[in-house]
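Participant: This is the structure alone, sequence omitted:
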């Protein structure tokens, strides 16, 4: 049966202001002597922010010096709001995922992976353009059809090339089929597209791929996600991703992930810890639980030192400070919301 909601947050569309983000970081690396492609248009007003990178063995992922949080922290400092700037710096100083949507996929993936390579780091990317995305809800959109998706994917893969990247593949795509939100007539095509995407990405020499598998509060019990993951090509992927853009605790995500991993021959997984510092909102209906819930906090910083041999990394896949959607006074999905960003940072332990 079709449901008008899921147990997790909606996916954040990239606002127009982000379309030049990859070009902006290319401008920064060009200034330090690293060549960039001539067809990139430099973004104006790049931020002179040089993040301090953690040791690679602890966190190999790239911190974008031209990210939205870095820009907002710089703006707050110029306005004399040093305390708020320091709070936003808690976000700006961490590696967060770059979401690749419909516009210029090869330019985006090339720009981000080149900038990461220049810093001797791995790019963290989210590919998010599956047809019939988000069941027509807050982050609706995606490619027009299967052929359009294949063409888009080929461009994204070409942009990554032989540089190091960790890819979270199509958040929501599998759980939305299992929970009945995506109409059944689209299921076979979606499985085929995801399986092809895994194959093309894993054909690259230094790309890791994790298929999205929902979160512990969504598709339960965990064994319901095993067959969808098999049909989508989990055998060739590096593993699966949990809690993307949600607030479930790391412990609950690990428990769910271990059960699912055991059904998949010991497949590894990653957990989005970007906003789960206080766990999910309890005692609330579904709308309050997933869309800009109050009282949440930043979670564990991104790292590959998880203390668990099956958990490859804690990642910030959802970009803290970007709205889940137009609810509770927030802007559209993917738009920066300073009030919420400051709350997440203040509540962080």
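Facilitator: Yep, it's here. All values reported here derive from a predicted model rather than from experimental measurement. Numbering: from 1, shown residues only.
Participant: How many residues are close by residue 148?
Facilitator: By other Cβ atoms under 10 Å, the residues close to residue 148 number 14. Heads up, the C-betas are built off the backbone N, CA and C, glycines and all.
Participant: Would you verify that it is located in a helix?
Facilitator: Yes. According to DSSP: H, G, I helix; E, B strand; the rest coil, residue 148 belongs to a helix.
Participant: Quick one: residues contacting it.
Facilitator: The neighbourhood of residue 148, defined by Cβ atoms under 8 Å, 6 or more residues apart in numbering, consists of residue 131.
Participant: ok, now residue 250?
Facilitator: Residue 250 neighbours (Cβ under 8 Å, 6+ apart): 271, 273, 276, 299, 300, 314.
Participant: how near is it to residue 306?
Facilitator: According to Cβ to Cβ, to the nearest Å, residue 250 stands 9 Å off from residue 306.
Participant: Check residue 105 too.
Facilitator: Look at residue 105 and residue 306: by Cβ to Cβ, they are 30 Å apart.
Participant: Neighbour count: those two, which is higher?
Facilitator: Taking neighbours as other Cβ under 10 Å, residue 105 and residue 306 compare with residue 105 leading, 22 against 17.
Participant: I'd assumed residue 150 was in contact with that one.
Facilitator: No. Residue 105 sits out of contact with residue 150 when judged by Cβ atoms under 8 Å, with a separation of 11.9 Å.
Participant: quick revisit: so which of the contacts of residue 250 is the closest to residue 191?
Facilitator: For these, the minimum distance to residue 191 (Cβ to Cβ) is 24.2 Å, reached by residue 271.
Participant: Just give the number of residues close to residue 328.
Facilitator: 15.
Participant: quick one, what contacts it?
Facilitator: 288, 291, 292, 293, 294.
Participant: ok, those vs residue 131, which is closest?
Facilitator: residue 291 (23.9 Å).
Participant: how many neighbours does residue 124 have?
Facilitator: Using other Cβ under 10 Å, residue 124 has 27 neighbouring residues.
Participant: ah, wrong one, I meant residue 308
Facilitator: Quick note: residue 308 (other Cβ under 10 Å) scores 15 neighbours.
Participant: again, but for residue 131
Facilitator: 19.
Participant: what's the span of stretch 303-323 from first residue to last?
Facilitator: 24 Å (Cα to Cα, to the nearest Å).
Participant: do stretch 302-316 as well
Facilitator: Across stretch 302-316, first to last residue, Cα to Cα, it's 6 Å.
Participant: and the nearest residue to residue 330 once chain neighbours are set aside, how many residues sit next to it?
Facilitator: Nearest non-adjacent residue to residue 330, counting by Cβ to Cβ, 6 or more residues apart in numbering: residue 323, 4.0 Å away. Residue crowding around residue 323 was assessed by other Cβ under 10 Å; the count is 26.
Participant: State the distance from residue 323 to residue 277.
Facilitator: Distance, residue 323 to residue 277, by Cβ to Cβ: 18 Å.
Participant: Kindly confirm my reading that residue 159 is in a strand.
Facilitator: No. Counting by three-state DSSP, residue 159 is located in no strand; its state is helix.
Participant: Which strand or helix spans the residue nearest to it when sequence neighbours are not counted?
Facilitator: Once flanking residues are discounted, residue 159 sits nearest to residue 109: 3.2 Å by Cβ to Cβ, 6+ apart. Assigned by DSSP states H and E, residue 109 belongs to helix 105-118.
Participant: Name the surrounding residues that touch the next helix or strand after that helix.
Facilitator: For helix 105-118, the succeeding helix or strand toward the C-terminus, using DSSP H and E, is strand 123-127. The contact list for strand 123-127 (Cβ under 8 Å, 6+ apart) reads 61-62, 95-100, 109, 112-113, 115-117, 153, 156, 160, 163-171, 197, 302, 315, 317.
Participant: For PyMOL, write the select line for the buried members of the residues you listed.
Facilitator: Written as a PyMOL command, the selection of buried residues from the contacts of strand 123-127, which uses 16 or more other Cβ atoms under 10 Å, is:
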select buried, resi 61+62+95+96+97+98+99+100+109+112+113+115+116+117+153+156+160+163+164+165+166+167+168+169+170+171+197+302+315+317
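Participant: Thanks a lot, catch you later.
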